[in-house]
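A.B. asks: Provided below for reference: sequence and predicted model.
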Amino acid sequence: MKSPARRLTGGALLCSLTLCVAASKVQARDTNRVQVLSVGRSAALADSDGLDASNSNQSRTRFPKAPELSWRARLPGGIGQAPVSDEAGNLIIVHTEPRLSKLDGKGRTLWSERLPSEASCAPALLSDGSILIVTREAEALSFSANGAQQARGRVPFSDPRRRTLAIATHSGGALISSGSELVELDARAHIVRQTQLRGNACALLASGSDLIAVSDAGVVERGHPTGDFELVGGFGGNVNDGAALRAGKVLAIVDTHKWLALDLTSGRVTPLALDAASILSGPAALFETRGGALIVDNGFISLRDRDGTETLRVAIGAGGPSFDPTLRGQRAARVISDRAGALAAVQAGNDALMLAPDGSVARFEGTSCLEPLRPTPTLGGVIFSCRSGQLFGVSGRAQ
């Protein structure tokens, strides 16, 4: 039975939806009439491609201190986008065929449901535990944690096959972009806000009840709970690898040689790292009490202090007779962190690895693939995945 507080929240939400439906009947809708509820952040371990609505690529759980490869699995139908994981460590996966599946922490399928068309971005796990999917046919679908479809609606994207991004919002819904088109949905996949950005979005971020959009041209815009998105400032260059949010500042790699921070209050931009001799790439994986980790020359993990100073550089690929350094720049790399400063990284053609806070490296033999996806945290470990459908589970070594 739902508690009185829960029923009150549902009633307030119904009131909000009633206003939104009424507003949608007129062409020029007053966005200031939208009522917003603060439900809170998703409880998932990884609720979007960037692990959370701050795009921090930082796990809420700590990685094992003595990691070892504990299981392997292969999924039929491949994996179309980076998996996400709920608070119990279960994986939510969209396949390269139009299908959605939930797996337990060891890669065993709990349920699987057909989708009307292929997913266009990673799933978003909302505050109430529901799963939001955006398809290449411009549909937003909401599923319960048990796989039952709850809602289905259209999103007004002119070209839904463009790059799509989605994050869960603190209001219980989601923020979705396709190119420069942006919509905010509630938990029932109903549109509560729609706007046009000043450029093609490369990152969506949530700062409490405020929503942030960063374009690939480096423009940063902010949306308050009501009203249109407003210009905050710009990085003065191209942002191709997304952006992250920390302590009121947006962090982004700009023009492949600069790691910059833009203050959301003043719009001022300050440099964290400038390296004209190297190519920096991301998205960055942030640390709890210091800077973060970047990819340098697409072959090295570069650990940075809060002021951008490099403290350690580690090669992703192990050296050896078969290692060809000329291929390094052709292989995308992804890295995530935990709160203790450990890292998990993947790169096409190299075995996955984990880097401990003390600098020691654990490589997992036989985990290389041509198209690795962003590592996914689970309870007590990390799961590495490939578009081919391969899954590799890493957990703590039994003592």
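C.D. replies: Thanks, I have the structure now. Numbers count the residues shown, from 1 in each chain.

A.B. asks: who's in contact with His257?
C.D. replies: For His257, the contact set (C-beta atoms under 8 Å, 6 or more residues apart in numbering) comprises Leu274, Asp275, Ala276, Ser278, Ile279, Leu280. From N, CA and C alone the C-beta is placed, and that goes for glycine too.

A.B. asks: Dihedrals phi and psi, the last one?
C.D. replies: Torsion angles at Leu280 (phi, psi; degrees, to the nearest 10) stand at phi -100, psi 140.

A.B. asks: Tell me how far it lies from Gly78.
C.D. replies: Distance of Leu280 to Gly78, computed by C-beta to C-beta, to the nearest Å: 30 Å.

A.B. asks: again, but for the fifth one
C.D. replies: When C-beta to C-beta is applied, the distance between Ile279 and Gly78 equals 30 Å.

A.B. asks: who's more crowded, these two?
C.D. replies: The residue with more neighbours, out of Ile279 and Gly78, is Gly78; 18 against 14, by other C-beta atoms under 10 Å.

A.B. asks: okay but Asp263 is in contact with Arg246, surely?
C.D. replies: No. If you go by C-beta atoms under 8 Å, Asp263 and Arg246 don't touch, sitting 11.4 Å apart.

A.B. asks: Who has more neighbours out of those two?
C.D. replies: More crowded of Asp263 and Arg246, by other C-beta under 10 Å: Arg246, with 21 against 15.

A.B. asks: Show the contacting residues for the more buried one.
C.D. replies: Ser54, Ser56, Leu286.

A.B. asks: Please apply the same query to Leu231.
C.D. replies: Arg198, Val219, Val220, Glu221.

A.B. asks: Count residues in the vicinity of the second one, would you?
C.D. replies: When neighbours are counted by other C-beta under 10 Å, Val219 registers 20.

A.B. asks: Name the nearest residue to Arg188, ignoring sequence neighbours.
C.D. replies: Among residues not flanking Arg188 along the chain, Ala151 sits closest, at 4.5 Å (C-beta to C-beta, 6 or more residues apart in numbering).

A.B. asks: what's whatever helix or strand that neighbour lives in packed up against?
C.D. replies: Element membership for Ala151 (DSSP states H and E) is strand 149-154. For strand 149-154, the elements it packs on are strand 139-143, judged by 3 or more C-beta pairs under 8 Å, 6 or more residues apart in numbering; DSSP states H and E.

A.B. asks: Okay, angle between the strand it packs on and strand 149-154 too, please.
C.D. replies: Relative orientation of strand 139-143 versus strand 149-154 (axes from the mean of the first three to the mean of the last three C-alpha atoms, to 10 degrees): 170 degrees.

A.B. asks: Identify all contacting residues around strand 139-143.
C.D. replies: Strand 139-143 is contacted by residues 100, 113, 115-117, 126, 130-135, 149-155, 174, 176, 185, 187-189 when judged by C-beta under 8 Å, 6+ apart.

A.B. asks: Please name the residues that touch the spatially closest residue to Ala217 that is not a sequence neighbour.
C.D. replies: The spatially closest residue to Ala217, leaving aside those adjacent along the chain, is Gly199, at 4.2 Å (C-beta to C-beta, 6+ apart). Taking C-beta under 8 Å, 6+ apart as the criterion, Gly199 is in contact with Ser180, Ser215, Asp216, Ala217, Val219.

A.B. asks: sorry, back to before: so after the strand holding Ala151, what's the next helix or strand?
C.D. replies: Downstream of strand 149-154, the next assigned helix or strand under DSSP H and E is strand 164-168.

A.B. asks: residues in contact with that next one?
C.D. replies: Taking C-beta under 8 Å, 6+ apart as the rule, strand 164-168 contacts 41-42, 44, 47-50, 53, 55, 120-127, 132, 134, 157, 174-178, 201-206.

A.B. asks: Of those residues, keep whichever come out buried.
C.D. replies: Neighbour counting with 16 or more other C-beta atoms under 10 Å marks 42, 44, 47-50, 53, 55, 120-127, 132, 134, 157, 174-178, 201-206 as buried within the contacts of strand 164-168.

A.B. asks: Of the contacts of strand 164-168, which belong to strands?
C.D. replies: In this view, the contacts of strand 164-168 that belong to strands under DSSP state E are 124-125, 132, 134, 174-178, 201-206.

A.B. asks: returning to what we had before: make a markdown table from the contacts of Gly199 and add distance to Glu310, pLDDT and secondary structure to it.
C.D. replies: Shown next, in a markdown table, are those (distance: C-beta to C-beta, whole Å; pLDDT from 0 to 100; DSSP: H, G, I helix; E, B strand; the rest coil):
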| residue | distance to Glu310 | pLDDT | secondary structure |
| --- | --- | --- | --- |
| Ser180 | 35 | 94 | coil |
| Ser215 | 28 | 96 | strand |
| Asp216 | 26 | 94 | coil |
| Ala217 | 28 | 96 | coil |
| Val219 | 28 | 97 | strand |
